[in-house]
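1. Sequence first, predicted model second:
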Amino acid sequence: MDKYQILKKHFGYETFRGAQEQLIDSILGGRDTLGIMPTGAGKSLCYQIPALLFEGITLVVSPLISLMKDQVGSLNAAGIHAAYLNSSLTPVQYRKALEYARQGRYPIIYVAPERLMTPEFLDFAGSVKIAMVAVDEAHCISQWGQDFRPSYLRITEFVRGLPRRPVVSAFTATATREVRDDILDMLELQNPTVVTTGFDRGNLFFAVQTPKDRYQAIRTYLEAHPGQSGIIYCLTRKNVEEVCQSLIRDGFPATRYHAGLPDEERKKNQEDFIYDRAPVMVATNAFGMGIDKSNVRFVLHCGMPKNLEAYYQEAGRAGRDGEPAECILYYSGQDVITNRFFIERGPEDAEMDPAMRRLIKERDEERLRKMTFYCFTNDCLRAYILRYFGEYGESYCGNCANCLTQFEETDVTETARAILECVADCRQRYGVNVILDTVHGANTAKIRNYRMDQNVSYGKLAKVPIYRLRQVMNHLQFAGYLAVTADEYAIVKLTPDSAKVLRDGQTVRMKLAKETEREEKSGGAAAKKRGRRGLSGEQSFGAGEESLFEKLRALRMEIAREEKVPPYIVFSDKTLTHMCIVKPRTRAEMLSVSGVGEFKYEKYGERFLACVREALGT
């Protein structure tokens, strides 16, 4: 078979997408290869298809057990023999897997980086032909990557020790220029093909909201999207417990995931989510990598992650099938303090020396600053994310809350000067809330205890709404007129640019929404303008297609339960959607549906054809 035959037979696609074919051809040509592609762009096919054409075994280095299980499960369902080697296997299972691998049963083996340099695995690797080492989530090798894993540094040592150097390929979805250069250097890629397809996920809608009651905002969202599957990320285990308990109490089919739960409960809850028994997952950032669930229609963040890499990776778990999905971040100023606490605690990896810990702390503080500015900006949210990853393009995407909100340039010099004067008058000793309460004239115990009610700036901006004061304060930080220290108390400080406003009379202008306070950046007005889109993006279902889709979903769930696999392993939502459009009545028509290959047709095709015929009365 050639690459096209494998693509159709096992994966059900007629053509390659984007840069897939370029990357596959590079690998098949024996060249080291680095692919930087957004989540959902089909990175795994880029090493899986060459693995099936190579003579020998492809080792896929993967960081998480869940990631390996999901990939191996998908391959087995597509008629491809694959295995994983990690700590979830008993010693007997591990040895049996190695034995089968020696016999040539597995063209693809997923392995945890910690296993590579163990004597048993080195003995195995030296006794078989390793055709390729593919490094998944390759950003983990970089100290600039948000998921730095020192164990990834052993990959190069492992490759050097092999009797014959294999092709080395690496793939990641989130890589700044620094991370990309680190991957090339640390993996010692030789004359590599480097392909960056862009980071944009056009099917994702982005919004930042600052609701007074974040739980109520989440509840309102879920009420407006019944039956949809999604993830709600929280910053702490306590938040996860509170949000999940409240959702269950209010009748939503939710479950939870965080590192404090017993292994068995985490496993069960994850499976409940994957199998759609509990389609809403409330979790910390411990959840998600390797979850290839294609029908996640929303990702809500009840709290701001500590960097844009983490946010984009977590948000990117929505809409992996290419269908429209929503990513909403519910922001509060407390999120900055919580994330600073996490940064102060630092990584718990014993392999890091003090110098590396310091470097990572400084890097994390700068990343937190840029993540915070994402929550402040009134510019296109998508453009902000893409610029962070070094990609420049249009400043209007038409599919984020900011682009769908009307803004106007406003002179806020008077307000800005009063805030800066207050910071100067109190000798740069207090945080954001104290400064804003002072200029607003708040009569609180804290203001009286600090004697800020006697400050010359007290009450100067009493007539300006507090939400507007906070907007201007955020803009002053974003524009560099103010800075906030990275210590525990987050003190507001003047910068060299402060004097341009205080002394030189510089004008401060910023974009402000024309909507009322209630609508502003709430997503409500934006959602009305955006309208509702069907499952196929701009194309909504026609008459009867919605009903057919639900019948196909029910059949998919029935088969998934019979085979004890997640529903998306049978067919993705995108494939079911295409079935509704094609309405296949014959084998040939079913095989024309995107995602239906020969192997899956033999397993499921006739049952789905019967379902279509019955629904259409033919």
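-> Cool, got the structure.
2. Quick check: Ala286 touching Gly260?
-> No. Shown here, Ala286 and Gly260 do not form a contact pair, counting by C-beta atoms under 8 Å, at 9.1 Å. For every residue, glycine as well, the C-beta is placed using N, CA and C.
3. next SSE after the lowest-mean-pLDDT helix or strand in the chain?
-> Across the helices and strands of the chain, mean confidence by mean pLDDT, DSSP states H and E is lowest for helix 524-530: a mean of 45. Using DSSP states H and E, the helix or strand that follows helix 524-530 in sequence is helix 545-563.
4. Which secondary structure elements does that following helix sit against?
-> Other elements packing on helix 545-563 under the criterion 3 or more C-beta pairs under 8 Å, 6 or more residues apart in numbering; DSSP states H and E are helix 567-570, helix 573-582, helix 606-616.
5. Compute the distance between the residue located most distally from the centre of the chain and Pro166, please.
-> Within the chain, the residue lying farthest from the chain centre (C-alpha atoms, centre = their mean) is Gln454, at 47.6 Å. Gln454 sits 73 Å away from Pro166, going by C-beta to C-beta, to the nearest Å.
6. repeat for Ile343
-> 38 Å.
7. For the stretch 1-150 of the chain, just list every one of the strands.
-> 33-36, 57-61, 82-85, 108-111, 130-135 (DSSP state E, counting those that start in this stretch).
8. show me what contacts Leu75?
-> Gln48, His81, Ala82, Ile108 (C-beta atoms under 8 Å, 6 or more residues apart in numbering).
9. Which one of those residues is nearest to Glu157?
-> Using C-beta to C-beta, Ile108 comes nearest to Glu157 of the contacts of Leu75, at 22.3 Å.
10. what bridges to the closest one?
-> Beta-bridge pairing of Ile108 under DSSP bridges involves Thr58, Ala82.
11. Could you tell me how many residues sit around it?
-> As a burial measure, Ile108 scores 25 neighbours (other C-beta atoms under 10 Å).
12. Surely it and Gln48 touch.
-> Yes. In this structure, Ile108 is within contact of Gln48 by C-beta under 8 Å, at 6.5 Å.
13. Identify the contacts common to these two.
-> Residues within reach of Ile108 and of Gln48 at once, by C-beta under 8 Å, 6+ apart, are Leu75, Ile80.
14. Could you single out the nearest of the contacts of Leu75 to His10?
-> Gln48 (8.6 Å).
15. residues touching that closest one, list them.
-> Leu75, Ile80, Ile108.
16. Once you drop chain neighbours, what's closest to the second one?
-> Nearest non-adjacent residue to Ile80, counting by C-beta to C-beta, 6 or more residues apart in numbering: His10, 5.8 Å away.
17. Which residue is the nearest non-sequential neighbour of Arg320?
-> Leaving aside its sequence neighbours, Arg320 sits nearest to Gly40 (C-beta to C-beta, 6+ apart; 4.3 Å).
18. Next, count neighbours for that neighbour.
-> Neighbours around Gly40, by other C-beta under 10 Å: 22.
19. residue contacts, it?
-> If you count contacts by C-beta under 8 Å, 6+ apart, Gly40 has them with Arg201, Gly316, Gly319, Arg320, Asp321, Gly322.
20. can you tell me how far it sits from Asp321?
-> From Gly40 over to Asp321 the distance is 7 Å, taken as C-beta to C-beta.
21. Also Asn474?
-> 35 Å.
22. got the contact list for the helix or strand containing Arg470?
-> Using DSSP H and E, Arg470 falls within helix 466-478. Residues from elsewhere that reach helix 466-478 (C-beta under 8 Å, 6+ apart): 333, 372-373, 376-377, 412, 415-416, 419-420, 432, 435-436, 439-440, 461, 482-484, 508, 510, 512, 517, 520.
23. Tell me which of those residues fall in helices.
-> Mapping those onto helices (DSSP state H) picks out Thr372, Phe373, Phe376, Thr415, Ala416, Ile419, Leu420, Val432, Ile435, Leu436, Val439, His440.
24. I'd like the residues you listed laid out as JSON lines, including pLDDT and neighbour count.
-> Converted to JSON lines, those look like this (pLDDT from 0 to 100; neighbours: other C-beta atoms under 10 Å):
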{"residue": "Thr372", "pLDDT": "93", "neighbour count": "21"}
{"residue": "Phe373", "pLDDT": "92", "neighbour count": "17"}
{"residue": "Phe376", "pLDDT": "88", "neighbour count": "20"}
{"residue": "Thr415", "pLDDT": "95", "neighbour count": "23"}
{"residue": "Ala416", "pLDDT": "96", "neighbour count": "25"}
{"residue": "Ile419", "pLDDT": "96", "neighbour count": "27"}
{"residue": "Leu420", "pLDDT": "96", "neighbour count": "24"}
{"residue": "Val432", "pLDDT": "91", "neighbour count": "21"}
{"residue": "Ile435", "pLDDT": "95", "neighbour count": "26"}
{"residue": "Leu436", "pLDDT": "95", "neighbour count": "20"}
{"residue": "Val439", "pLDDT": "95", "neighbour count": "26"}
{"residue": "His440", "pLDDT": "95", "neighbour count": "19"}
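25. Quick check: of the contacts of Gln48, which lies closest to Tyr384?
-> Distance to Tyr384 across these (C-beta to C-beta) is lowest for Leu75, with 36.6 Å.
26. For the closest one, give me the pLDDT.
-> Per-residue confidence at Leu75 stands at 90 (pLDDT).
27. From Tyr257, how far out is it?
-> Note on Leu75: its distance to Tyr257, by C-beta to C-beta, is 24 Å.
28. Please apply the same query to Leu52.
-> Remark: distance between Leu52 and Tyr257 (C-beta to C-beta) = 33 Å.
29. For the residue lying closest to Gly459 once chain neighbours are set aside, which residues are in contact?
-> Closest residue to Gly459 apart from its sequence neighbours, by C-beta to C-beta, 6+ apart: Gly441 at 3.2 Å. Listed by C-beta under 8 Å, 6+ apart, the contact partners of Gly441 are Tyr458, Gly459, Lys460, Leu461, Ala462.
30. Quick check: can you list the domain ranges of this structure?
-> Domains of the chain are assigned by automatic domain parsing as 3-196, 204-388, 410-511, 545-616.
31. Which of these sits closest to Cys403?
-> domain 204-388 (5.2 Å).
32. Could you give the separation between the terminal residues of that closest one?
-> Start-to-end span of domain 204-388 (C-alpha to C-alpha, to the nearest Å) is 17 Å.
33. now stretch 475-482
-> Terminal-residue distance, stretch 475-482 (C-alpha to C-alpha): 9 Å.
34. on that earlier part again, need the max-distance pair from the contacts of Leu75.
-> Greatest spacing in these, by C-beta to C-beta: Gln48 and His81 (12.1 Å).
35. which neighbours do those two share?
-> Common neighbours of Gln48 and His81 (C-beta under 8 Å, 6+ apart) are Leu75, Ile108.
36. returning to that earlier point: what two of the ones in helices among the contacts of helix 466-478 are the furthest from one another?
-> Farthest pair in the ones in helices among the contacts of helix 466-478 (C-beta to C-beta) is Phe373 and His440. Separation: 23.4 Å.
37. and Phe158, how many neighbours?
-> Phe158, neighbours per other C-beta under 10 Å, totals 20.
38. Next, the contact list for it, please.
-> Phe158 neighbours (C-beta under 8 Å, 6+ apart): Leu116, Met117, Leu122, Ala125, Val133.
39. Output the residues you listed in JSON lines; the columns should cover distance to Lys500, neighbour count and pLDDT.
-> Below are the contacts of Phe158 laid out as JSON lines (distance: C-beta to C-beta, whole Å; neighbours: other C-beta atoms under 10 Å; pLDDT from 0 to 100):
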{"residue": "Leu116", "distance to Lys500": "55", "neighbour count": "22", "pLDDT": "93"}
{"residue": "Met117", "distance to Lys500": "56", "neighbour count": "15", "pLDDT": "92"}
{"residue": "Leu122", "distance to Lys500": "62", "neighbour count": "15", "pLDDT": "94"}
{"residue": "Ala125", "distance to Lys500": "62", "neighbour count": "24", "pLDDT": "94"}
{"residue": "Val133", "distance to Lys500": "54", "neighbour count": "27", "pLDDT": "97"}
